[in-house]
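*Asks:* predicted coordinates and the sequence they were generated for:
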Amino acid sequence: MHTFEFERATDSSAAVATAAQAKTAQQGADVRFVAGGTTLLDLMKLNVETPERVIDINRLPLDSIEATPDDGLKIGATVRNSDLANHPTVKRDYAVLSQAILSGASAQLRNMATTAGNLVQRTRCVYFRDTAMPCNKREPGTGCPAITGANRMLAILGTSEHCIATNPSDMCVAMAALEATIHVQGPNGARAIPIGDFHLLPGSTPDRETVLEPGDLITHVTLPPPVAGSRQVYLKLRDRASYEFALASAAVVLTVADGKVTRARIALGGVGTKPWRSREAEAALVGQPINQTSLRNAAEAALRDAKPQSENAFKIELAKRCLTHALQIATA
Ligand SMILES: Cc1cc2nc3c(=O)[nH]c(=O)nc-3n(C[C@H](O)[C@H](O)[C@H](O)COP(=O)(O)OP(=O)(O)OC[C@H]3O[C@@H](n4cnc5c(N)ncnc54)[C@H](O)[C@@H]3O)c2cc1C
Ligand code: SF4
């Protein structure tokens, strides 16, 4: 691993000011915050990330979970994934989030991993993680070997001719269905970003993954008040039962009355270049009577624009079945 300066932040404004000196907050950033380190240190050992300065944010007071004045939930940036998943309010009112987090990684990793780190975790594309290979995300302009290479795990929604990498997060898929908001303290003040606007499609700049700018520190995430009577399910399909990323996953938050779906929030994981909210599936489902045809129609709508690669066409049917089954569980 290359050498770098390490410092512990005790004041968020000072940490933001230091990080604001970075040339970018994206791939190639020369200053990085570190929280749990389960993504960043991995990538530094592989020389995929080579920051000159690393700022440890674990001593900042960002590790609490609190109710908001409007009865929503405020989740601090350094709240550990295990603490979030097991928090009584999350288990009761935001069950889809608890389920999603507990389906990811391992208990040890979840004890270290944080809310903000999970939001900014990087793709598991094998070429991205191998500096001997070209990769547009790691080194813009070098090409995308995944398009003609090993792409079984990669995306079928939101891809471009420059990158087809999957966003690997489970937590973010649940947060997309819950319509979370990400709060950032930057060099020019604070701002709030709806999760749907936080991650970027790869387009011609796959090295840019989020809207974060140099110095931007994620301070917390808020969830809107829970929807009374909502039924929530996270279903994750993968090659083995634990310690594995999703081939396809679905987060659903539904409200049902008189045998019909009255409100639906649906997001997919394992198939998109970003956590994939499917407004198409939601529109196909709301107002419909609950039966096998309407649930499957929603899944068809979600995958209508899917573009398979050489090794992952199977994901289209897999994702449809995943979503259909998640909807069946939620409406049973
Ligand atoms: C073996 C393995 C298996 C895994 N399996 C899964 C899985 O099945 N599902 C899943 O969802 N995830 C999985 N993960 C990923 C894991 O969830 C992430 O590594 C973790 O959530 C990252 O959190 P962290 O706090 O460790 O981040 P760090 O490594 O500390 O940071 C990650 C990135 O976030 C940035 N960052 C951190 N905090 C802030 C902040 N406050 N503001 C701005 N930027 C910040 C850092 O600069 C860095 O770029 C797995 C990881 C490993 C190693
Ligand atoms: S899919 Fe994206 S991350 Fe993977 S090799 Fe292509 S450009 Fe790199």
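*Replies:* Looks like it arrived, so ask away. Ligands and ions are numbered 1, 2, ... in the order given.
*Asks:* next up, phi/psi of residue 317, please.
*Replies:* With angles defined as degrees, to the nearest 10, residue 317 sits at phi -70, psi -40.
*Asks:* same check, this time on residue 184
*Replies:* phi -130, psi 140.
*Asks:* next: residue 285.
*Replies:* The phi/psi pair for residue 285 (degrees, to the nearest 10) is phi -100, psi -40.
*Asks:* and residue 121, by the same measure?
*Replies:* Main-chain dihedrals, residue 121, degrees, to the nearest 10: phi -60, psi 150.
*Asks:* for the residue nearest to residue 263 when sequence neighbours are not counted, give me the pLDDT.
*Replies:* Nearest residue to residue 263 in three dimensions, chain neighbours excluded: residue 255, at 4.0 Å (C-beta to C-beta, 6 or more residues apart in numbering). Quick note: C-beta positions are derived from backbone N, CA and C, even for glycine. pLDDT recorded at residue 255 is 98.
*Asks:* how about residue 175?
*Replies:* 99.
*Asks:* contact residues of the stretch 51-200 of the chain facing ligand 1?
*Replies:* Within reach of ligand 1 by C-beta under 6 Å from any ligand atom, the stretch 51-200 of the chain has these residues: 57, 77, 81, 104-105, 109, 112-114, 116-118, 120-121, 168-171.
*Asks:* going by residue numbers, what spans are strands in this structure?
*Replies:* Per DSSP state E, the chain carries strands over the ranges 5-8, 31-34, 53-56, 65-67, 73-76, 181-186, 189-194, 217-223, 231-237, 248-257, 260-269, 276-277.
*Asks:* any chance of the ones you listed in TSV, with mean neighbour count too?
*Replies:* As requested, the strands of the chain are exported to TSV (neighbours: other C-beta atoms under 10 Å):
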stretch	mean neighbour count
strand 5-8	11
strand 31-34	23
strand 53-56	18
strand 65-67	13
strand 73-76	23
strand 181-186	21
strand 189-194	12
strand 217-223	23
strand 231-237	23
strand 248-257	24
strand 260-269	24
strand 276-277	26
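*Asks:* output those strands as a markdown table; include the columns distance to ligand 2.
*Replies:* Below are those laid out as a markdown table (distance: least, C-beta to the nearest ligand atom, whole Å):
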| stretch | distance to ligand 2 |
| --- | --- |
| strand 5-8 | 27 |
| strand 31-34 | 19 |
| strand 53-56 | 23 |
| strand 65-67 | 33 |
| strand 73-76 | 28 |
| strand 181-186 | 23 |
| strand 189-194 | 23 |
| strand 217-223 | 23 |
| strand 231-237 | 21 |
| strand 248-257 | 18 |
| strand 260-269 | 17 |
| strand 276-277 | 16 |
